[in-house]
Each structure stands twice: as structure tokens, then as C-alpha cells.
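Participant: sequence unavailable; structure follows:
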């Protein structure tokens, strides 16, 4: 629309807003000025006897005013989610098929079952969508930036996976490098888990995409998982040669889920439950149904106890649960004792790397609020004035501890790659020297 026409339309819409037309019952007037309900026909799409209008045509300025008022205070992440959902709708399976895709690999099978074949009357519970929306926002921003700078790559490429009923969507494919890349934008909790290397589910997902691209006749030599901490911007990459065995293993797992859906088999819960598993508690949309949350609460039980042991637990099941809890309690106590003993050996060591372990001495200054509160209470008991209370100082203490962390797997991989490159360079020099001597 031309800028002058857009401005004129906005001014007309503004007139509807200031007139109060949006505050009362919406009349949805026609361009002729007559309300929608006064137009002829059961659907009110005919003419208006008072204005001489021959058919109903919505007033675009009124519609714009209604839309502006209704969307004046939307949540930014909701807007991002709506945009991305429209841009990248979830791929639909072939008729009669299932929506199981590469991203489901090693996910909770019960959650997949309830998503694909929900029982009648099942109500999905609300979930915390911030992490997913923030990650999707970073994902789209990265795509837009890279699409401009690296136009030879293919982005959001749909890949048919042999044996699955719906296509997958590959983040990046570089035909020049024959590389499949999957991007992830984890938060702090998942980032810490990556210290030991990429998530096995993400590795399998990447190799499945590689399998699908090869089935399309495209070369795939490398599969890379690229992680960026979505709050701090730190990046770690895990490239590895494409391996058909890894891809087939992951595809077999997904095919097993599809088969279970085909025969209507009940699938296992692969998460610990909402009392102990943050994924269940905050991010699973079928948590309340899966773990009988309402019934458990009414019975005064935990969702895990009610679901696993049953509404009326048998004695043998209760014995099993009690003995299992006691066993883990003893193991935890023993592990804590051994950790304390081992940790004490590190006190006084210099900061640095010891093997593949990072040792860091840390300190922090902490206010002693509890000590200050006791002093204030004692002064009040002695009849202190407000002025005297204000003079009671807040004291501080220094906490000291030794932090023990593994060297991150990405750093170890980089060191190994550098060592291989140096070894290859040395071998090339030796070959050149031999050739010169000959």
C-alpha cells in the first residue's frame, strides 16, 4: 500500500478508536456506514436499504481499529511463536501415518504416544514455553543472517526420511562441504550437561538427516551439532564423520515407536515424573494426564507414587519402593562422604588444569543477614530507639570453596584435532626432508 494511503487509513482507524466505537459492542460496519446486521440476507451480506448499498463490504478502517485495539499488548514471545509457527508449520504425516520425526529420537515414548494418539477427553496442560520460544527466536535470527551471507547453503530444508511417515526439517545443509548441521540453543542447565559432549539424541537426529540427504542423492561427509548458549552466546561445535550405523540405529528406534503406535501398544514413560524431572514438571504438555496429577493430589500422594504403585498399592510394591529409596539413600550418603574426602585433598592447590579436570579456588563476600536480624531483635528487646537501630552494622563474611569441573568435551576435541594437525605437519616435513636427502 502506498504510504499516503496507509496513513489515511490509519487516521480513519484512529477516529474509530477515539470515538469509543471499540469500547462497546462491535458493529462491524460496511464501507457504506451501515452496521453489518442491517444488511440483507441471513448472513448479512446483501444490500442496505437505508444507504442504497448493494452488498456488504467490511470497512477496512474499522477492521484495522479493532485489530489494533485487540493486539495492543501482546507478549513479544507469543508474537514470535505465531510468526514462526506460520512460517514453519509442523510437517504433517502421510495419510494414515504418524507424526514421529527425527526430533523425537530418544524422547519420552509415552509423551509421543499421547501426542499421536490422545485418548478421548484428554486435556493438555499449560507448559513453560519461554525456553522453546527464545531458542526458536535465536534459530530464526541465525537463519536470516546466514542466508544473506552464505547463500549457497540450504536452510530449513525438508528431508524425507526412509521409513518415517513425515518429512524432517534440516537446519542447514552445505553442499560444498557436504555437511549437515543441526543448531541448538540451550539454556544453562543443558549447557552444563554438554560438558561431557553432545546429547546422544542430537547426534542421532543429525545422522538421520544425513541418511535422508544421502537418500536424495546428496553428498554427506560430515554431521555437525552446533550449540550456542542462548543467554551468554558461547558456542561449541561437535563435527564428526557421517556414520550410517548411527543413523540406522536412531531410525530403528523411531521405527519401533511407529510400530507401537500401529498396534496400539502402551509405551514406557522415559522421564522420572514431575516431582523430580524438570522436563516433566515444566515442559511436558501431557504431564497431568500421563502422571494422574489431579487424582494423586486428591489422594494425598505424589504423581509418581499414584501412577507407578497404583491407587491402592499392593504390599509387595510398597516394599519394593521403600527398599529402593533406602538403597539410594545409602549410596548417596557413601558418595557424599567419599566426595568430601576427595575434595579436601584439593584445598590449597593452585588454580589450573589437572589432567582433564579444572580446579578453581573461589571466594565470595556474603552479608550476614541472620546475624544482623538477631542483633536488631536484641536491641528492640532492650528498648532501642529507631536512631540506635539504624546504627547496627550489617556484617559480612567470606566464603571459600574449591570448584571442580571437567574440561569441556568441545575443548578436548579441539585439542585432539590440533594434535592431529601438528602430527600431520611434522610427518609432511619429515617426508620433504627424506625426499631432499634422496
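Facilitator: Structure's in. What do you need? What you see is a predicted model; the values in this text were computed from it and never measured.

Participant: now the residue nearest to the spatial centre of the chain: closest residue in space, sequence neighbours ignored.
Facilitator: Computing the C-alpha centroid of the chain and ranking residues by Cα atoms, centre = their mean puts residue 132 first, at 3.8 Å. In this structure, residue 132 finds its nearest non-sequential neighbour in residue 283, 7.7 Å apart by Cβ to Cβ, 6 or more residues apart in numbering. (C-beta placed from N, C-alpha, C; glycine too.)

Participant: surely that neighbour meets residue 127?
Facilitator: Yes: with contacts counted by Cβ atoms under 8 Å, residue 283 reaches residue 127, the gap being 5.3 Å.

Participant: can you pull the pLDDT of residue 66?
Facilitator: Residue 66 is assigned 93 on the pLDDT scale.

Participant: just say helix, strand or coil for it.
Facilitator: helix (DSSP: H, G, I helix; E, B strand; the rest coil).

Participant: give me the number of residues near it?
Facilitator: Neighbour count for residue 66, taken as other Cβ atoms under 10 Å: 18.

Participant: do the same with residue 293
Facilitator: Neighbour count of residue 293, defined by other Cβ under 10 Å: 18.

Participant: chain center to the lowest-mean-pLDDT helix or strand in the chain: distance?
Facilitator: Ranked by mean pLDDT, DSSP states H and E, the weakest helix or strand in the chain is helix 76-87, scoring a mean of 86. Relative to its parent chain, helix 76-87 has a centroid offset of 15 Å by Cα atoms, centre = their mean, to the nearest Å.

Participant: what packs against that helix?
Facilitator: Under the contact criterion of 3 or more Cβ pairs under 8 Å, 6 or more residues apart in numbering; DSSP states H and E, helix 76-87 touches helix 130-149.

Participant: residues touching the helix it packs on, excluding its own?
Facilitator: Where contact means Cβ atoms under 8 Å, 6 or more residues apart in numbering, the residues beyond helix 130-149 that reach it are 77-78, 80-81, 84, 87, 153, 155-156, 171-172, 183-187, 228, 230, 283.

Participant: if we use 6 Å, what do you get?
Facilitator: For helix 130-149, the external contacting residues (Cβ atoms under 6 Å, 6 or more residues apart in numbering) are 77, 80, 81, 84, 155, 185, 187, 230.

Participant: buried set for that helix?
Facilitator: With burial defined by 16 or more other Cβ atoms under 10 Å, the residues of helix 130-149 counted as buried are 131, 133, 134, 135, 136, 137, 138, 139, 140, 142, 143, 146.

Participant: quick one: work out the angle between it and helix 76-87.
Facilitator: Interaxial angle of helix 130-149 relative to helix 76-87 (axes from the mean of the first three to the mean of the last three Cα atoms, to 10 degrees): 60 degrees.

Participant: which is the succeeding secondary structure element to helix 130-149?
Facilitator: Next helix or strand after helix 130-149 toward the C-terminus (DSSP states H and E): strand 154-159.

Participant: what lines up beside that following strand in the sheet?
Facilitator: In the sheet, strand 154-159 lines up against strand 168-174 (antiparallel) (DSSP bridges).

Participant: residues contacting residue 57?
Facilitator: Here residue 57 is in contact with 30, 31 (Cβ under 6 Å, 6+ apart).

Participant: run the last query once more with 8 Å
Facilitator: Residue 57 neighbours (Cβ under 8 Å, 6+ apart): 30, 31, 32.

Participant: okay, and the beta partners of the first one?
Facilitator: Looking back up the chat, that one is residue 30. Going by DSSP bridges, residue 30 forms beta bridges with residue 58.

Participant: how's this structure carved up into domains?
Facilitator: Domain assignment for the chain by automatic domain parsing gives 3-70, 81-263, 352-407.

Participant: who wins on neighbours among the contacts of helix 130-149?
Facilitator: residue 185 (22 neighbours).

Participant: hmm, that one is touching residue 230, no?
Facilitator: Yes: Residue 185 is in contact with residue 230 according to Cβ under 8 Å; the separation is 4.2 Å.
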